[in-house]
Structures are given as structure tokens and as C-alpha cells.
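A.B. asks: Sequence plus predicted model, see below.
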Amino acid sequence: MKRKKRLSKKGKLLLGVIVVGIVIWTLIFSNSNKNITLEIHEIDNKANYTLKIDYPTLSNKKIENKVTSYIKNKKSEFLDNALKIKDISKSKCDLAITYTLHDLFQYKALYVTVYSYTGGAHYNKEIKTYYYDDKTGDEVTIKEFLEKDKFDVLANLAYYQTIKYYEDNDKNYDEEWIKEGTKAISDNYSYFNITSDGLQLYFLPYQVGPYSDGEISILISKNDLKGIVKSDYLLTEDTLVEVSDPLKRDLSKFKDKKLMAFTFDDGPSDGPTNKLLDNLEKYEARVTFFALGSRVSTYSKTLKRAYEMGNTIGSHTYSHLNLYQLNDYDIIKEINNTNEVIKKAIGVTPDKLRAPYGNTNAHIKELSDMYTILWDIDTEDWKYKDAEKIKDNIVNHAHDGAIVLLHDIYNSSVEGALLAMEELKDEYAFVSIDEMIELKNISLDKTKTHFNF
Ligand code: NI
């Protein structure tokens, strides 16, 4: 009897521990983004190359390992090539790797984009896609979404749509090239998306035409897909995002204070950006985000939150490429694509641009038709990843009208910014770029580079 009773006590204790464990687990994880808990960032700015890599830590480790080793290969391939180049006077090499992750029905769709520039006329672009079951890590191809034996019919549609694309755009094309590039093999259809409009297919440069034709995207409309794509996968509806007007505040209370604008590049992110937003009210602070277009759809909720709180949202281009290395068409694409995704997420098009690495000139300004905002306090947060040091850098250089450069993809940057606000709060008001302009009564000039106000 005694023995039995003791066991049941143990049992109760164990049960208690399990219940408490579940509660804590739920509290910690229920509100976080279930796709991504963490990210890895690498950034470097050397004499002969720049490098910027973002990749996700995924809940499915099998896929994560594949992605990680793919990216590692790309990086060492790039470094091998970059280090071989002796004459760096003309062209600085660059590697930019970004990703987008979203749900595609019961699957996950992960797109990893690799841009590398190691001399020559243009960046090399590669996209590696993973469509997978999050539980098992098993990958699927486009065939999973098609009715049995309908791949050929789809390929035929894609062939005619591609020809139509060329004719509509008054461009020359090679029928054989297109036929080869749209043939019914999974490799030709490794990059796609199913939206409320239909099936979007992407063909990378060289797949259906010469490199100079660039990436081509064609849409096969929902109506044409009946009987080809399984009906379960044609049910998508456009989810309209409701965006509230940003909170306005009375700026007159800051009239006697010095002003500082904290700006955050390379986000939005899950953890760091939200941590920053959680703490802004404490310092009556508003800040500015120069968002990376490629990250906006993955972290659109965070960007929307930042906007609705009254922070300024600007553009940091789509893929974080060195604009000096791009032709006009690609520069405009980097800018327009970003403005489009930001508009989709927050309902307004940004009018402020911060070029990656601050690399801009009169021509880029003219092409962008946006206001160029750089910075005059460079915290070098990405290098130190040390909150105290970042804080010191801000505090030691603080002055009225300053623009501080930070990155909301590192916790240390957010912590450093908050520590600086704590120290400076009696003397300074922390305002967004838009507020700074209003308070100082400044009219921006699209031909100028604004480093401070
Ligand atoms: Ni950047």
C-alpha cells in the first residue's frame, strides 16, 4: 500500500512538471513565428569584396541542413573566384544571398536567391527552391500539384504563354530554345508559385532565351488550369490585409529638445525588429526602417506593425546588391519591386531610399526618383555585435539632427539602440525621419544625399 501511494505521489509530481512545462512552452512559442525562430547573418566588407548572407533556421532540420550546405558551397565558390581577381580597381566582387519563406497549402515554399558578381558584365543569379512537408522534410516537385498525366499539357500551355510574352514585348525569340526550356521535366519547373491569380512560373536567365532577356515570369490563369492543377490547389483567395492609419503624435512637445533619428536597415526580422517595437514607447521613440524587399513578404506582419505604430518605412532595395554593378534596367527593378511589396504590406509606397553600402550617385538618384537618406553616425553594429560598444558609439557621436545607422536583424543592435536612448533621453527626442523633416521644416531634394538634418 505504502509503496503504491509513494508511486502515485511521484506520478502527481511528474504530471505537475509536465503541465508546467507545457504551459511555459506554450507561453514562449505560441506567439512566435512558427516558421522561423532564428536566422543566421553574415556580412563582410573587404577591400576586394562585399558579402551579405541571410539564411533561416528552420523547424525542419533536414531541409535546414540542405539549405545550409547549399549556401556554404555558394559562399566558398564565390570566395575562390573573388580571391583570384587581381585587379580590383574596376569592380568590387559581391555576394548577396536572401530568402523568402511562405506557406503553399500544406507545404512550405522556400526560395533562396543567390546573386554573385565576380567581374564581367553582370551579376549571376541563381534561385534554389524547396517545396517541402514541414513535418517530414520530404520535398515535392510541381508534379505534386498536378493531376495525373497532365504535365505535358501544362508544358504546352507554358510554351505558348512564353511565346506570347516575347511577342507582346516585341522581342526576338528562338522557338527551339523555348521548347527546350518549357519541356515537361521538373527541372524546368523548379521555380513557381500558386496564387489567387493562377500558376506563376519563373524562368531564370538562359532557360528560354539568352541571358540578356533576364528572368521571365509567366502567369497561367486559374481558368486555364482547370483539370491540370488539382482542384484543391485552385482554391486560393486573395487575403486583403487591413492596414490602420499610422499613429500621429503631437510633435510640439519636442520643440526644445535636440533630435535624433535612429534608422534600421536590412530587416524586417522576427525577433530583433519586434523587440525594438516593444520598447519604443518607453522612450517616446519613433524610428525609421529601410526594409529589404526580399524580406518583406516573409515578415510582412512585423513591417505592418512598425508602420501602424508611426515609424517611417523606407526602401533598402530588393536584394541588397551593389547598385554600381547593375545596369539601369536592373537598378529600376531592384527599386520598383521593393516599392511594390512594401505597398502590398502597408498600403503606401515608400519615397525614401537607402542604397546598400550607401552606394549611390546622381544617375541612381535620377533613376530611383526617390529621396536619398544615408547617415552620419555609423555604429558598425554588424561588426561588433556588442550592445555596449554600439551604445557608446551612438552616445559619443550624438548631436542634433543626427541619423544613426543600425540593423534590425541583430539583437545586439536593438539592445545597443535602447541603451543609448536610455542615456540620451533627457537631452534628446527620438524621432522618425518623417518627423525630423516636419520638426525642422526641411524640404527634401531628390538630387541630394541627406546625411543628417
Ligand atoms: Ni544593408
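C.D. replies: Alright, I've got the coordinates. Numbers count the residues shown, from 1 in each chain.

A.B. asks: switch to C-alpha atoms for all contacts and neighbour counts from now on
C.D. replies: OK.

A.B. asks: all strands of the stretch 151-300 of the chain, in order?
C.D. replies: Residue ranges of the strands in the stretch 151-300 of the chain, as given by DSSP state E, counting those that start in this stretch, are 192-195, 198-203, 216-221, 258-265, 288-291.

A.B. asks: what angle do the third one and strand 198-203 make?
C.D. replies: Spelled out, it's strand 216-221. Using axes from the mean of the first three to the mean of the last three C-alpha atoms, to 10 degrees, the direction of strand 216-221 lies 160 degrees away from that of strand 198-203.

A.B. asks: Which residue is the nearest non-sequential neighbour of Trp177?
C.D. replies: Nearest residue to Trp177 in three dimensions, chain neighbours excluded: Val208, at 5.4 Å (C-alpha to C-alpha, 6 or more residues apart in numbering).

A.B. asks: Next, count neighbours for that neighbour.
C.D. replies: 26 (other C-alpha atoms under 10 Å).

A.B. asks: Not counting residues beside it along the chain, what's closest to the residue in the stretch 351-453 of the chain positioned nearest to the ion?
C.D. replies: Relative to the ion, the nearest point of the stretch 351-453 of the chain is Pro356 (4.8 Å; C-alpha to the ion). Once flanking residues are discounted, Pro356 sits nearest to His320: 5.6 Å by C-alpha to C-alpha, 6+ apart.

A.B. asks: which residues does the residue of the stretch 101-250 of the chain found nearest the ion bridge with?
C.D. replies: Proximity of the stretch 101-250 of the chain to the ion (C-alpha to the ion) peaks at Tyr115, 14.9 Å away. Beta bridges link Tyr115 to Ala96, Lys125, judged by DSSP bridges.

A.B. asks: quick revisit: for Val241, find the nearest of the strands of the stretch 151-300 of the chain.
C.D. replies: When the strands of the stretch 151-300 of the chain are compared by C-alpha to C-alpha, strand 192-195 sits nearest Val241, at 15.3 Å.

A.B. asks: who does that closest one touch, helix- and strand-wise?
C.D. replies: For strand 192-195, the elements it packs on are strand 198-203, judged by 3 or more C-alpha pairs under 8 Å, 6 or more residues apart in numbering; DSSP states H and E.

A.B. asks: partners of the strand it packs on in the sheet?
C.D. replies: Note on strand 198-203: by DSSP bridges, its sheet partners are strand 192-195 (antiparallel), strand 216-221 (antiparallel).

A.B. asks: Of the ones you listed, flag the one that's most buried.
C.D. replies: Highest mean neighbour count among those (mean count of other C-alpha atoms under 10 Å): strand 192-195, with a mean of 18.

A.B. asks: how about a markdown table for the strands of the stretch 151-300 of the chain, with mean pLDDT and distance to Glu144 added?
C.D. replies: What follows is the strands of the stretch 151-300 of the chain, written out as a markdown table (pLDDT from 0 to 100; distance: least, C-alpha to C-alpha, whole Å):
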| stretch | mean pLDDT | distance to Glu144 |
| --- | --- | --- |
| strand 192-195 | 94 | 12 |
| strand 198-203 | 96 | 14 |
| strand 216-221 | 95 | 17 |
| strand 258-265 | 98 | 38 |
| strand 288-291 | 98 | 34 |
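
A.B. asks: how about those strands in JSON lines, adding distance to the ion?
C.D. replies: As requested, the strands of the stretch 151-300 of the chain are arranged in JSON lines below (distance: least, C-alpha to the ion, whole Å):
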{"stretch": "strand 192-195", "distance to the ion": "28"}
{"stretch": "strand 198-203", "distance to the ion": "27"}
{"stretch": "strand 216-221", "distance to the ion": "27"}
{"stretch": "strand 258-265", "distance to the ion": "5"}
{"stretch": "strand 288-291", "distance to the ion": "8"}
